[in-house]
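**Q** Starting from these lines, generate the structure:
(chains A and B)
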Amino acid sequence: MAKIEKKLPFWQREGFTPFILLLPAILVLVLVVLLPLLFSLYTSFTGYRLIRPDSLYNFVGFRNYERIFTDWDFWVAFGRTVLFLTIALNLEFLFGLGIALLINRITWGQRTLRTIMMFPMMFSPILVGYQFKFIFNDNIGVLNNALQSLGLSDGAIPWLVDKHLAMGSIIVAEVWMSTSIFAILLLAGLFAMPRDPLEAAKVDGCNPWQVFRHITLPFLMPFAFIAMTIRSLDVARAYDIVDVMTGGGPAGRTELLWTMIARVGYDNSRMGQANAMAYVSILLSIAFTYYFFRKLIAARRYMGGAN
Amino acid sequence: MTKAGIKLLAAATALPLLMAGAVSAEEIDYGNFDGYTLRVKLIGGAQYEPLYAEIEKWEEMTGAKVDVLSRKNHFELDREIKQDIAAGTLDWCVGSNHTSFAPQYGTIYIDLNGVIPEATLAEFQELALANSTVDGRLVQLPRHSDISNLYYKKSLYADQGNKDRFKEKHGYDLAPPETWDQFKDQAIFFANAPEFFGTQYVGKDEAITGRFYELLIAEGGQLFDENWNPTFNSEAGVRAVQWFKDLYDAKAVPAGVLNYLWDDTGLGFASGTVALNLDWAGWASFFNDPANSKVAGDIGLVRAPVGSGGKRSGWSGSHTFSITETCDNKEAAASFISFLTSHERQMIEARKGLLPTRAKVWDEAIAEFDGAGNEFMVTVFETYSQSMAEDAFTPPLIAPWIEVSNEIWPRLQAAILGEKSPQEALDEAAESAREVMEDAGYL
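**A** Residues are numbered from 1 along each chain as shown, chains lettered A, B, ... in the order given. Model (predicted):
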């Protein structure tokens, strides 16, 4: 028997079977993810310019990274992206939680409402950008006209120009578009929630706030952290809405990492430097993902789930 | 027969005559490319489309088919072409191009000298061809040109009350501005934010860099010295930036202008809430069409103003067509771009107000407007023909132009918003522009 087994070619041996079964997936991942990643990592060490393909072999070492680390504008954009991410995610969580709790309470027309709630997700971010660009236009925009008609303002408020309002306006657009992702995930959490602890708490005399604070919310937190992980990756690479609404301007007031990277990579054709920036910005996404996963594990442990 | 009846009859007989003229001139042989499919990438947008309706005719004449691979605005097309260069997928033949963008693309496009017959080239304006030439190679055939002149709302200048108050305030008579200083005075004078604005300007991207550039030249400055050292942080440069800032601070322009591009300024003037508008001729027929515009019938036009350096602003460029070096049938491609820039095709664009690049089309277009009693378009063409002949200049035709522009415009915005002084902003921009020029091998 042992002799026959020895004669089997290596790929027919039992130990290899899992690898062979996984091979198609591994090949696809290598081709579609790993190779492009390695290629872009390599280009970040070159002076690669899109319009000069031969510059791909122009190795410049850490020059691109040195430039980034001494570029104040880049770090301002980096900080602004972190701030944008933090505010947008928190607002989306709060509004999403509110909507989920409200929808969970109604018994008639819930399905219709759930569908309507998801409408903003169905629009392309570019369209959402144009829609809010029009709403916030200082001269012909709906918002300023409404404020003036109601007598709440007598001047044209420069929503997309002012230092604080411009970023705020973009956050409003982002929150409008994506709050329903939180709402839908939290609603799924509410549906899956066991009734017993809630009823037990009521019997024990807890008021609605105490029930929410100590039973509903901890139960929902794992769902919230999953939503936050997904959304943090989305928001960290926010580009479409910002590009349409302000293009990162004026005077760089709404410049986020990806509007900057796109300009450097495409308009200025400096793909090498843009890739270096992208690699630095990926650290941000990894940091957020790691943070939310830690929180997720902690929340599940608190609920007595798997660790 | 009534007078109107006679006019109608005359017009009805003139139309077939004109068409007969077009048919006879169409006897140019565009060749036979039966069964060939020409792959092209064209600039899209309302003003560019009427020309593309003509493509069918070329297909009929030559037996070829045209496959339009993309039809995007120029900034998006630019990105796509750069990706094609990087990926080595220049598997198409004809692309829309622009004089400001062409130098970036290196040698992906062929030299049209020798490909387009000399006799044909001789019919184009010399300046337009010179601006289409990069490193001695004619890399593009100009389709139509672009320069800005100053539109104004006529009734404001006829109003006696306005005249009196203006004279009292500024000490000179109210008349359409001849200098950039007068332009500023009047824009501030007419403004009454947020209902009415003195003027508007494009506030971002290469658009505001271009406006700054032409004002810099008019003020007697230069972007670079002869050795390509950035010199725009000069006194003239500061005066140019100050012009934008003064209007912004006086609320003579909407607060949102820093996000405005060409559509915003054009539609703003058409909405009747703006007194003065420096813009290209492509808007002329739109502005004067009551269906689109509240200022129709109330528009005056003067040449772009003179700066303190004694020069008129005249930032100019041309939309063009180029043929790729990798094209598999350059003959068909040459036939196609000759067709799109032919006399008849340029007349089609001229009727919409786009500025032709063939000398003869100017005359014929003016004669046609005149014949139709369209005085406004006659004025438009005469004014623009003068500024194209006397004032036009392009940005430096160098590969890093767009990159230099990307260093300049965010700083202009910062100066206009008061985050930096004009001098600081320009110094910073000049330093970054120097780095770009160094990287590109100019310094």
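
**Q** Chain neighbours aside, what residue packs nearest to whichever residue of the stretch 51-200 of chain B sits closest to chain A?
**A** Sorted by distance to chain A under Cβ to the nearest Cβ, the residues of the stretch 51-200 of chain B start with residue B:194, at 3.6 Å. Just so you know, the C-beta spots here come from the backbone N, C-alpha and C atoms, and that holds for glycine as well. Counting by Cβ to Cβ, 6 or more residues apart in numbering or on different chains, the nearest residue to residue B:194 once its immediate chain neighbours are dropped is residue A:156, at 3.6 Å.

**Q** any idea how far residue A:153 is from the residue of the stretch 51-200 of chain B closest to chain A?
**A** Between residue B:194 and residue A:153 the distance, using Cβ to Cβ, to the nearest Å, works out to 9 Å.

**Q** higher neighbour count, those two?
**A** Taking residue B:194 and residue A:153 together and counting by other Cβ atoms under 10 Å in any protein chain shown, residue B:194 has the greater number of neighbours (20 against 14).

**Q** Please enumerate the shared neighbours of residue B:194 and residue A:153.
**A** Jointly contacting residue B:194 and residue A:153 under the rule Cβ atoms under 8 Å, 6 or more residues apart in numbering or on different chains are residue A:144.

**Q** and chain B, which residues reach chain A?
**A** Proximity of chain B to chain A is confined to B:75, B:78-79, B:82-83, B:85-86, B:88, B:104-106, B:193-194, B:197, B:203-205, B:254-256, B:258-259, B:268, B:271, B:273, B:399, B:402-403, B:406, B:410-411, B:413-414, B:416-417, B:419, B:439 under the rule Cβ under 8 Å from any Cβ of the partner chain.

**Q** Verify the stated contact: the residue nearest to residue B:194 with residue B:192.
**A** No - with contacts counted by Cβ atoms under 8 Å, residue A:156 stays clear of residue B:192, the gap being 11.7 Å.

**Q** Comparing these two, which shows the higher neighbour count?
**A** Set side by side, residue A:156 and residue B:192 give different neighbour counts by other Cβ under 10 Å, the larger being at residue A:156 (23 against 13).

**Q** Can you point out the buried residues in the host helix or strand of residue A:88?
**A** When elements are defined using DSSP states H and E, residue A:88 is found to belong to helix A:72-105. Taking 16 or more other Cβ atoms under 10 Å in any protein chain shown as the neighbour-count basis, helix A:72-105 is seen to contain the buried residues A:74, A:77-78, A:80-82, A:84-85, A:87-89, A:91-93, A:95-97, A:99-101, A:103-104.

**Q** and it, average pLDDT?
**A** In this model, helix A:72-105 has an average pLDDT of 93.

**Q** Tell me the helix or strand right after it.
**A** Helices and strands here follow DSSP H and E; after helix A:72-105, the next one along the chain is helix A:110-117.

**Q** With only the CA atoms kept, save that next one in PDB.
**A** Once non-C-alpha atoms are left out, helix A:110-117 reads as follows in PDB (Å, rounded to 0.1, in the frame of the first residue of the first chain):
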ATOM      1  CA  GLN A 110     -43.000  48.700   7.500                       C
ATOM      2  CA  ARG A 111     -41.800  47.000   4.300                       C
ATOM      3  CA  THR A 112     -42.700  50.000   2.200                       C
ATOM      4  CA  LEU A 113     -40.900  52.300   4.500                       C
ATOM      5  CA  ARG A 114     -37.800  50.100   4.500                       C
ATOM      6  CA  THR A 115     -37.700  50.300   0.700                       C
ATOM      7  CA  ILE A 116     -38.200  54.100   0.700                       C
ATOM      8  CA  MET A 117     -35.500  54.400   3.300                       C
END
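
**Q** hmm, who's touching that helix?
**A** For helix A:110-117, the external contacting residues (Cβ under 8 Å, 6+ apart) are A:99, A:103, A:106, A:180, A:183-184, A:187.

**Q** Selection in ChimeraX covering whichever of the residues you listed are buried, please.
**A** Selecting only the buried entries of those in ChimeraX, with 16+ other Cβ under 10 Å as the criterion:
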select /A:99,103,180,183,184,187
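
**Q** Include distance to residue B:219 when you put the contacts of helix A:110-117 into TSV, please.
**A** Formatted as TSV, the entries for those read as follows, by distance: Cβ to Cβ, whole Å:
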residue	distance to residue B:219
A:99	57
A:103	62
A:106	67
A:180	53
A:183	56
A:184	58
A:187	62
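
**Q** So which of the contacts of helix A:110-117 is the closest to residue B:334?
**A** For residue B:334, the nearest member of the contacts of helix A:110-117 is residue A:180. The distance, counting by Cβ to Cβ, is 54.3 Å.

**Q** what helix or strand does that closest one sit in?
**A** When elements are defined using DSSP H and E, residue A:180 is found to belong to helix A:163-191.

**Q** Can you mark which positions in that helix are buried?
**A** For helix A:163-191, burial by neighbour count (16+ other Cβ under 10 Å) applies to A:165-167, A:169-187, A:189-190.

**Q** hmm, back to that, my guess is the residue of the stretch 51-200 of chain B closest to chain A meets residue A:157, correct?
**A** No - the pair formed by residue B:194 and residue A:157 falls short of the contact definition of Cβ under 8 Å, at 9.2 Å.

**Q** who touches both of the two?
**A** When contacts are counted by Cβ under 8 Å, 6+ apart, residue B:194 and residue A:157 are jointly contacted by A:138, A:144.

**Q** re earlier: is any part of the helix holding residue A:88 close to chain B?
**A** No - using Cβ under 8 Å from any Cβ, helix A:72-105 stays clear of chain B, coming no nearer than 8.6 Å.
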